[in-house]
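Engineer: everything below, folded, please.
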Amino acid sequence: MSEIATRIVTPNGDLEARVDSQGSDGFLMCHPHPLFDGTMNNKVVTTATRAAASLGLSTLRFNFRGVGDSPGEHDHGKGEIDDVLAALTFAKQELGWNKIYLGGFSFGAGMACLASCQQTELVSGLFLVAPAVHHFDAPNALPYEFESHVYMGDADEVVPFDEVDDWVERLVPQPHWRVFSDGSHFFHGRLTDLKQSLQQDLEAIIS
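Structural biologist: Residues are numbered from 1 along each chain as shown. Just a heads-up that it's a prediction; the model follows:
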C-alpha cells in the first residue's frame with residue numbers, strides 16, 4: 001500500500017485521513033470506539049484496508065472527530081455517523097470512486113451500518129467486523145441494494161457474541177455471517193484469517 005495523508009472536509013472541521021489511490025472503486029473503513037483508544041491505525045482497520053488494496057481497490061481510512069488530528073470531540077455516535085457520511089461523499093466527489101465498499105470495526109461497524117441505511121445509494125457493499133450492537137441503535141433491516149457481511153469471533157470479550165448472533169438472525173435481509181472459532185474481539189492470532197475472509201468476500205462482488 002502507498003497511502004498518503006489527506007483531509008476530509010466537514011462542517012465541524014477537517015478529518016484526518018489516509019488514502020491509497022489505485023482503482024476507480026474503493027474500500028472505506030471506520031475505526032473502533034474513540035473513548036477506548038480506537039483510531040484509524042487499529043490493526044483490524046489496517047488489516048481490512050490491506051485486504052482491499054491487495055485486490056486493486058483504492059482505500060480510505062480516517063479518524064473520527066476528536067481522535068488524532070481530527071478536531072472536535074466524541075459525540076456518542078450522532079456526529080460520528082455524520083463523519084462517515086462526509087467520508088462517503090468525499091470518496092465519491094473528491095476521489096471519484098464509482099463504487100464504495102463500506103466497512104467498520106466494533107463501534108465503527110455500527111456507524112458504518114447506520115450511515116449505509118441513510119445513504120444507501122453511495123454504498124455498494126457493507127462489511128461489519130464485530131459490530132458493537134450494544135453501542136448503537138442497531139436496525140432490524142439492512143438495505144436490499146447491496147450485499148452485507150458480518151464477521152465475529154465467538155470468544156469476543158468486548159462485544160457480546162450472543163447479542164450479535166441474535167441481531168444477525170433477526171435481520172432482513174440476512175447478511176453473510178462468518179464466525180471465527182475461538183476468535184477474540186481484536187482477532188489476536190486470527191488477523192490473517194480475517195484478511196483472507198475479507199478478500200474472498202470482496203473479490204466475489206468486485207469480479
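
Engineer: quick one: contacts for the residue nearest the centre of the chain?
Structural biologist: Centroid-nearest residue in the chain: Gly104, 1.8 Å away (criterion: C-alpha atoms, centre = their mean). Under the criterion of C-beta atoms under 8 Å, 6 or more residues apart in numbering, the neighbours of Gly104 are Met29, Cys30, His31, Val84, Gly110, Met111, Ala112, Cys113, Phe127, Leu128, Val129, Pro131. Just so you know, the C-beta spots here come from the backbone N, C-alpha and C atoms, and that holds for glycine as well.

Engineer: check Glu145 too.
Structural biologist: Contacts of Glu145 by C-beta under 8 Å, 6+ apart are Thr120, Glu121, Val123.

Engineer: can you give me the strands in this protein?
Structural biologist: With DSSP state E as the criterion, the chain has strands at 4-8, 15-20, 26-30, 58-62, 100-105, 125-129, 147-153, 176-180.

Engineer: got those strands as JSON lines, with distance to Ala204 columns?
Structural biologist: Shown next, in JSON lines, are these (distance: least, C-beta to C-beta, whole Å):
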{"stretch": "strand 4-8", "distance to Ala204": "29"}
{"stretch": "strand 15-20", "distance to Ala204": "21"}
{"stretch": "strand 26-30", "distance to Ala204": "14"}
{"stretch": "strand 58-62", "distance to Ala204": "18"}
{"stretch": "strand 100-105", "distance to Ala204": "12"}
{"stretch": "strand 125-129", "distance to Ala204": "10"}
{"stretch": "strand 147-153", "distance to Ala204": "8"}
{"stretch": "strand 176-180", "distance to Ala204": "9"}
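
Engineer: so which of those is nearest Phe90?
Structural biologist: Nearest of these to Phe90, taken as C-beta to C-beta: strand 4-8 at 4.6 Å.

Engineer: quick check: mean pLDDT of that closest one?
Structural biologist: For strand 4-8, mean pLDDT rounds to 98.

Engineer: need the contact partners of it.
Structural biologist: The set of residues external to strand 4-8 that reach it, using C-beta under 8 Å, 6+ apart, is Asp14, Leu15, Glu16, Ala17, Arg18, Val19, Asp20, Phe62, Asp83, Ala86, Ala87, Phe90.

Engineer: who does it pair up with?
Structural biologist: In the sheet, strand 4-8 lines up against strand 15-20 (antiparallel) (DSSP bridges).

Engineer: what angle sits between the strand it pairs with and strand 58-62?
Structural biologist: 160 degrees (axes from the mean of the first three to the mean of the last three C-alpha atoms, to 10 degrees).

Engineer: burial count for Pro139?
Structural biologist: Neighbours of Pro139 under the rule other C-beta atoms under 10 Å: 14.

Engineer: could you measure it against Pro175, distance?
Structural biologist: Pro139 sits 12 Å away from Pro175, taking C-beta to C-beta, to the nearest Å as the criterion.

Engineer: next one: Val45
Structural biologist: 20 Å.

Engineer: more crowded one of the two?
Structural biologist: Neighbour totals were compared for Val45 and Pro175, and Val45 leads with 24 against 20 (other C-beta under 10 Å).
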